[in-house]
Structure formats: C-alpha cells, structure tokens
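>>> Compute the structure for the input listed below.
(one chain, ligands or ions: 1)
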Amino acid sequence: MEPSNAKSGKYVCSECGLTYKEDEWMKKCEAWCKKYKSCNLEIISHAVEN
Ligand SMILES: [Zn+2]
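As a prediction, this is how the structure comes out:
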C-alpha cells in the first residue's frame, strides 16, 4: 500500500520494520506481527538485509 516501498523493489513490514523482496512475505509478516506481536522464524527467514 506504500508506493515508496514498491518503487524500490523492497517491501517493509510496518509492524516490525523487516524488509522483504516479495510483498507476499511482507504481508504475511505484517499479518503475523499484528496478530501475535512477535516474529515468526519461518517468515523472517525470508527477510533481506538492508
Ligand atoms: Zn513483521
């Protein structure tokens, strides 16, 4: 939903701030973060370094 993220080809979870190359994983991360207020190792393993 944030053009600035899509433009750079990176997707940032608005909840935890982790960066993903695919919006699919970012959305999964955001959904998880909002629901559980914690990180899912399987999801964050898809995060990329800044
Ligand atoms: Zn997150």
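
>>> do you know how far residue 12 is from residue 23?
Between residue 12 and residue 23 the computed distance is 10 Å (Cβ to Cβ, to the nearest Å). To be clear about C-beta, it is placed using only N, CA and C from the backbone, and glycine gets the same treatment.

>>> Repeat that for residue 43.
Taken as Cβ to Cβ, the span from residue 43 to residue 23 is 13 Å.

>>> How about residue 37?
Relative to residue 23, residue 37 is positioned 22 Å away (Cβ to Cβ).

>>> Also residue 29?
Following Cβ to Cβ, the distance that separates residue 29 from residue 23 is 10 Å.

>>> okay, these two: which has more neighbours?
Remark: of residue 29 and residue 23, residue 29 carries more neighbours, 26 against 14, as counted by other Cβ atoms under 10 Å.

>>> Phi and psi next, for the closest residue to that one other than its chain neighbours.
Leaving aside its sequence neighbours, residue 29 sits nearest to residue 13 (Cβ to Cβ, 6 or more residues apart in numbering; 4.3 Å). Backbone torsions of residue 13, given as degrees, to the nearest 10, read phi -70, psi 120.

>>> pretty sure residue 13 is touching residue 28, no?
No: contact criterion Cβ atoms under 8 Å: residue 13 and residue 28 do not qualify, at 9.1 Å.

>>> Which of those two has more residues huddled nearby?
Set residue 13 next to residue 28 and count neighbours by other Cβ under 10 Å: residue 13 wins out with 24 against 17.

>>> all strands of the chain, in order?
Applying DSSP state E to the chain gives strands spanning 11-12, 19-20, 47-48.

>>> and the protein, which of its residues are near the ion?
Contact residues (Cβ under 5 Å from the ion) of the chain with the ion: 13, 15, 16, 29, 33.

>>> Go again with 8 Å.
Counting by Cβ under 8 Å from the ion, the chain comes close to the ion at 13-18, 26, 29-30, 32-33, 39, 43-44.
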